[in-house]
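# Curious how this folds, go ahead:
(2 chains)
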Amino acid sequence: MEATLDLVVPILAATLRVAAPLILAALAGLFAERSGVVDVGLEGKMLFAAFAAAATAAVTGSAWAGLGAAILASSALALIHAFACVTLRGSQVVSGMAINVLAAGLSATLALAWFRQGGQTPPLTGAARFAPIPLPGAEWIAEVPLLGRLLVGVVGGHAMPVYVAFALVPLAAFVLWRTRFGLRLRACGENPGAVDAAGVSVARLRYAGVLIAGVLCGIAGAAISTAQGAQFSPEMTAGRGFIALAALIVANWKPWPVLWTCLGFGLLDAVAIRLQGVPVPGLGVPFPVQAIQALPYVLTVILLAGFVGRATAPRAAGVPYVKER
Amino acid sequence: MNRELPRWADLALLPALNLLLALGVSALVVLAAGESPAAALQALAIGSFGSWDSVGYTLFYATDMAFAGLAVAIAFKCGLFNIGVEGQAAIGGLGLALVMLGLDSTLPAALVVILAVAAGALAGAAYGAIPGWLQARRGSHVVITTIMFNFIAASLLVYLLVNVLIEPGQMAPETRRFAVGLPPLSDFGFPGRSPVNLALPLALLAALAVWVLVWRTPWGYGLRVVGSNPDAAAYAGIDQGRRIIAAMAISGALAAGIAVNELLGSQDKLILNFTGGAGFTGIAVALMGRNHPVGVLLAALLFGALAQGGAELAFEMPDLPRETVMVVQGLVILFTGALGALFRAPLSRLLGA
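Below you'll find the predicted structure:
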């Protein structure tokens, strides 16, 4: 029993840790795409935010200042995206890719020039990082057999952004499905003409959706460089933005399934790290970790192809809205 | 409002304006990095065209960009946005390497190289055709599937290079060296020492072939109709699905040209991440080149110069990394692709009077 727990608790704890930025980025994509603006620039916004957070935290010594800078930096990119997609009705995918390339170049250039440490920011310590928060009353909860250890080891001991990510799922579900703003936002992604006919500004709602995505990507980036990690290094988001995009599709553009999918992808990642270099029993060859890592992408393609289940994107996503004259 | 721009303005003035704007904003970034934009620009220019060696490197990188740009452009012409050039080039490189590793010591050099190029193109085409098929027959959006296919290809390549194709006794995830390869242009009298090789004329041939196929054949006309007006294509009895699959296959085959240039022309072995992001730069190349082979070649030269100049820039100015040129690339994609309408209206008002 103890041996199983020793194995399972770290894997589950890592699952939550890895899933948190995915959840934030996938919720970001959810708001943007539900409003009708496709966002393939989640990766770039996260990367730039990760840099802004680590750089600001390194200079000011405050993780909170870093978080603020991350949200500002990511929102600035989101504003460009909204201007290109909504105001100028440009190609949403091209704009997203431009943001990815731009963010990779900007973060690497400024990191090297400002800190002169080979493209990294200085290591963060103390208040410049979001420290793990132990579960309140951990000492006596741990006494409870089995459940106690799971609670303390898996649920407790994460940094603030992890809890924020999980708390945002019900909030997003409430905002999108239980408020007037949410109804209008979703309508913009399905039938913007109807929203317009009702006298509500499609452009304003789409700006809102894209900017909310910017804020959420900002938190995700700060989580990566100031909570999970302790500095920024080039390309540190390593495709998480695209995994989040995959999660959004597998979750069929719905908040609660986003949570389950991101947890699933997080578990895959945590298991893959565990299995690195472990031989397959009976075969003697190393375990094909890459197969596990590629699974989210394969799963997304299968779902998109409609072989199993069906992924239905918001109907008007990707289509610029032209108001009739 | 919707006046057409004169042709010269659309083809030359607008791209030039977009490039100037991108360079202008990049200059601000260089300033923010604490360096002089003028000095950086000078280092870029000397680094890319200052000597025969650097011209050779510029042309070498331009070859990658030309293949990538053509791949993106032909898909664009069919109304498809192929973000999967990176993955298609990787799988193309795998096909090419398998032929080289299997046959390079048994067959005559010229024959094995031709076979390897063909195998690379076929592998790239197959890997491009799958997302094309998924789009045409299953309605899965090609943008998303090609993004996913990039990661699947990368995982496959890492697995194979780490576990299967690695040279025994070596630590680095690379195959053994190929016995033969594409000869460098210096063998034919090109001055200086650089890896620019026979893949460059191959890229020029590919551009010509794309031009003939897309602009001078009935089949290519159908492709452009599918791209610009799917309803008209359906009404004219053009099988859209088959055009989409074929366009993606050709796009994938062109993407494999990056593998030919890098692996057969320079590395002489299969390595990880040999594309160096050229697949994504191809988007900028195609957008700037207006999806026309001539434009793509010119834009490829520009981005080849940026790639080579960027490497020299990093050497000359230690505070600016190679990634600085990605800022220029990203801005060019942004200005030409997504913010294209920014100048169109004011320009047409200015010129159309």
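
# I'd assumed A:A313 was in a strand, is it?
No: using DSSP: H, G, I helix; E, B strand; the rest coil, the secondary structure at A:A313 is coil, not a strand.

# from what I can see it touches B:G139, true?
No: look at A:A313 against B:G139 with C-beta atoms under 8 Å: they stay out of range, at 10.3 Å. In this view, the C-beta of every residue, glycine as well, is placed from N, C-alpha and C.

# out of those two, which sits in the busier spot?
Neighbour tally, A:A313 and B:G139, criterion other C-beta atoms under 10 Å in any protein chain shown: the higher count belongs to A:A313, 18 against 11.

# Tell me the backbone dihedrals of the more buried one, please.
phi -70, psi 160 (degrees, to the nearest 10).

# Run through chain A and note the low-pLDDT ranges.
Within chain A, the stretches with pLDDT under 70 are A:1, A:284, A:308-310, A:324-325.

# Wait, B:P173 touches B:V162, no?
Yes: using C-beta under 8 Å, B:P173 is in contact with B:V162, at 5.0 Å.

# neighbour count winner among the two?
Applying other C-beta under 10 Å to B:P173 and B:V162 shows that B:P173 carries more neighbours, namely 18 against 15.

# mind listing what the residue nearest the centre of chain B touches?
Nearest residue to the geometric centre of chain B (C-alpha atoms, centre = their mean): B:A68, 1.6 Å. For B:A68, the contact set (C-beta atoms under 8 Å, 6 or more residues apart in numbering or on different chains) comprises B:85, B:89, B:255, B:258, B:278-279, B:281-282, B:285, B:300.

# Please give me every residue in contact with B:V332.
Contacts of B:V332 (C-beta under 8 Å, 6+ apart): B:18-19, B:22, B:284, B:287-288.

# A:V144: which of those is nearest?
Ranked by distance to A:V144 (C-beta to C-beta), the contacts of B:V332 are led by B:A284 at 58.1 Å.

# That closest one: how many residues sit nearby?
33.

# same thing with A:V101?
By other C-beta under 10 Å, neighbour count at A:V101 equals 26.

# ok, now which ones touch it?
A:44, B:280, B:284, B:326, B:329-330, B:333 are the contacts of A:V101 under C-beta under 8 Å, 6+ apart.

# Considering those, which possesses the most neighbours?
Highest count within these by other C-beta under 10 Å belongs to B:A284, 33 neighbours.

# got the residues of the stretch 51-200 of chain A near chain B?
Proximity of the stretch 51-200 of chain A to chain B (C-beta under 8 Å from any C-beta of the partner chain) is limited to residues A:80, A:83-85, A:88-95, A:97-106, A:108-110, A:112-114, A:116, A:119.

# What parts of the stretch 251-353 of chain B come near chain A?
So the stretch 251-353 of chain B meets chain A at B:280, B:283-284, B:287, B:319-321, B:323-331, B:333-334, B:337-342 (C-beta under 8 Å from any C-beta).

# out of these, which are buried?
B:280, B:283-284, B:287, B:319-321, B:323-331, B:333-334, B:337-340, B:342 (16 or more other C-beta atoms under 10 Å in any protein chain shown).

# Sort out for me which of the residues you listed are in helices.
Using DSSP state H, the subset of these located in helices is B:280, B:283-284, B:287, B:324-331, B:342.

# Distance to A:L16 and pLDDT added to these, as TSV?
Shown next, in TSV, are those (distance: C-beta to C-beta, whole Å; pLDDT from 0 to 100):
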residue	distance to A:L16	pLDDT
B:F280	32	89
B:I283	36	91
B:A284	39	89
B:L287	41	89
B:T324	37	88
B:V325	39	88
B:M326	33	90
B:V327	35	92
B:V328	40	88
B:Q329	37	87
B:G330	33	91
B:L331	38	91
B:L342	44	79
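
# of all these, which two lie farthest apart?
B:T324 and B:L342 (23.8 Å).

# just to revisit the earlier point, buried subset of the residues of the stretch 51-200 of chain A next to chain B?
Buried among those (16+ other C-beta under 10 Å): A:80, A:83-85, A:88-95, A:97-106, A:108-110, A:112-114, A:119.

# Of those residues, which belong to helices?
A:80, A:92-95, A:97-106, A:108-110, A:112-114.

# can you count the residues close to B:L161?
20.

# just checking, it touches B:L270?
Yes: using C-beta under 8 Å, B:L161 is in contact with B:L270, at 6.9 Å.

# what touches both of the two?
B:174-175.

# Please identify the helix or strand for the residue nearest to the centre of chain B.
Element membership of B:A68 [criterion: DSSP states H and E] is helix B:52-77.

# before we move on, back to that, quick check: the farthest pair among the contacts of B:A68?
B:A89 and B:A300 (14.7 Å).

# OK, contacts around B:V85?
B:68, B:71-72, B:251, B:255, B:258, B:278-280, B:282.

# whoops, A:V93 was the one
So A:V93 contacts A:38, A:40, A:318, B:81, B:83, B:143 (C-beta under 8 Å, 6+ apart).

# Filter those down to the buried ones and express that as a PyMOL selection.
The buried subset of the contacts of A:V93, as determined by 16+ other C-beta under 10 Å, is captured in PyMOL by this line:
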select buried, (chain A and resi 38+40+318) or (chain B and resi 81+83+143)
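
# Export the contacts of A:V93 to a markdown table and append columns for distance to A:A194.
Rendered in a markdown table, the data for the contacts of A:V93 read as follows (distance: C-beta to C-beta, whole Å):
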| residue | distance to A:A194 |
| --- | --- |
| A:V38 | 20 |
| A:V40 | 26 |
| A:G318 | 18 |
| B:F81 | 28 |
| B:I83 | 31 |
| B:V143 | 26 |
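
# Can you pick out the most distant pair from the contacts of A:V93?
A:G318 and B:I83 (13.7 Å).

# how distant is stretch B:167-176 from the center of its chain?
Taking C-alpha atoms, centre = their mean, to the nearest Å, one finds stretch B:167-176 lying 28 Å from the centre of the chain it belongs to.

# One more: stretch A:188-204?
27 Å.

# same thing with stretch A:180-192?
When distances are taken as C-alpha atoms, centre = their mean, stretch A:180-192 is centred 22 Å away from the chain's centroid.

# what's next to it, contact-wise?
A:31, A:33-36, A:174-177, A:194-195, A:200, A:202, A:205-206, A:208-209, A:314-317, A:321.

# could I get stretch B:319-329 in CSV with only the CA atoms?
Presented in CSV, the C-alpha positions along stretch B:319-329 are these (Å, rounded to 0.1, in the frame of the first residue of the first chain):
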residue,chain,number,x,y,z
ASP,B,319,23.7,41.2,-27.3
LEU,B,320,21.6,40.3,-30.2
PRO,B,321,20.8,36.6,-30.7
ARG,B,322,19.9,34.9,-34.0
GLU,B,323,16.3,35.0,-32.9
THR,B,324,16.3,38.8,-33.6
VAL,B,325,15.5,38.1,-37.2
MET,B,326,12.4,36.2,-36.0
VAL,B,327,11.0,39.5,-34.9
VAL,B,328,11.3,40.8,-38.5
GLN,B,329,9.7,37.5,-39.8
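
# Chain A: helices as residue ranges?
A:2-34, A:42-60, A:63-82, A:92-115, A:138-141, A:147-150, A:160-178, A:180-190, A:192-197, A:202-222, A:240-250, A:255-275, A:289-304.

# can you pull the contacts of B:N261?
B:60, B:63-64, B:67, B:197, B:199-200, B:203 are the contacts of B:N261 under C-beta under 8 Å, 6+ apart.

# So which of those is surrounded by the most neighbours?
B:F67 (35 neighbours).

# got a list of what it touches?
B:89, B:203, B:206, B:254-258, B:260-261, B:278, B:282.

# Which secondary structure element is home to the residue nearest to it when sequence neighbours are not counted?
The shortest distance from B:F67 to any non-neighbouring residue, by C-beta to C-beta, 6 or more residues apart in numbering or on different chains, is to B:G257 (3.2 Å). Secondary structure assignment for B:G257, by DSSP H and E: helix B:240-259.
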